[in-house]
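In: One predicted model, sequence on top.
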Amino acid sequence: MVKRLDHGLARLAKKISELKQVNISSIPGAGAAGGISGSFLGLLGAQLRPGSDLIFKLLKIDQVIRQVDLIITGEGSIDFQTPSGKGPGILAKWAQQLKLPVVALAGSVTNERGFLHRHGFSALFSVVQGPIDLPSAKRQSARLLQEKAEEVARLIQATRSL
């Protein structure tokens, strides 16, 4: 099914290119081989922006983060793509400019930790303690997140007494 979908999207991208002279398959963020955002760009002239930009603007995050001492954020998986438009990555970049520490909690954290630290993350924690299958991790996600968040809070509290 995935091959059929990829083939169909590639055909759509080709048709849009023929119709509008826009090669959406080569535009970052347009979706692999002409996803829905690429179709909107190619056919309707839409502008592509990370969704986090819109959400952060609506929530006035740029004003909020100027009033805090620490940011704790999270997502399902933190990896090399996180600094390139995902909400926690954008938040970490803004915080880095303000010299604010950012702690991230995630279902998984990949091995690009140095890269992620250079992009504003002060510390990264996976909420999963050991080997676990994805369905089990999803079922237990609330408890796993709560437990890891409590440990991070305990660490913060412990360092305040130093």
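Out: That came through, no problem. Numbers count the residues shown, from 1 in each chain.

In: show me the contacts for Leu43.
Out: Neighbour list for Leu43: Ile16, Leu19, Lys20 [criterion: Cβ atoms under 8 Å, 6 or more residues apart in numbering]. C-betas here are computed from N, CA, C, even on glycine.

In: Tell me the one among those nearest to Thr82.
Out: Ile16 (29.3 Å; Cβ to Cβ).

In: any idea which element that closest one lies in?
Out: Using DSSP states H and E, Ile16 maps to helix 2-20.

In: Please apply the same query to Ile132.
Out: Applying DSSP H and E, one finds Ile132 in no helix or strand.

In: what's it in contact with, if anything?
Out: Counting by Cβ under 8 Å, 6+ apart, Ile132 has contacts Gln140.

In: From Ser126, how far out is it?
Out: The spacing between Ile132 and Ser126, counted by Cβ to Cβ, to the nearest Å, is 11 Å.

In: And for Leu44?
Out: 40 Å.

In: Which one's more surrounded, these two?
Out: Using other Cβ atoms under 10 Å, the more surrounded residue of Leu44 and Ser126 is Ser126, with 16 against 8.

In: Leaving out sequence neighbours, find the closest residue to the more buried one.
Out: Among residues not flanking Ser126 along the chain, Val109 sits closest, at 4.8 Å (Cβ to Cβ, 6 or more residues apart in numbering).

In: looking at it, the one you found is touching Ala123, isn't it?
Out: No: Val109 lies out of contact with Ala123 (Cβ atoms under 8 Å); the separation is 10.1 Å.
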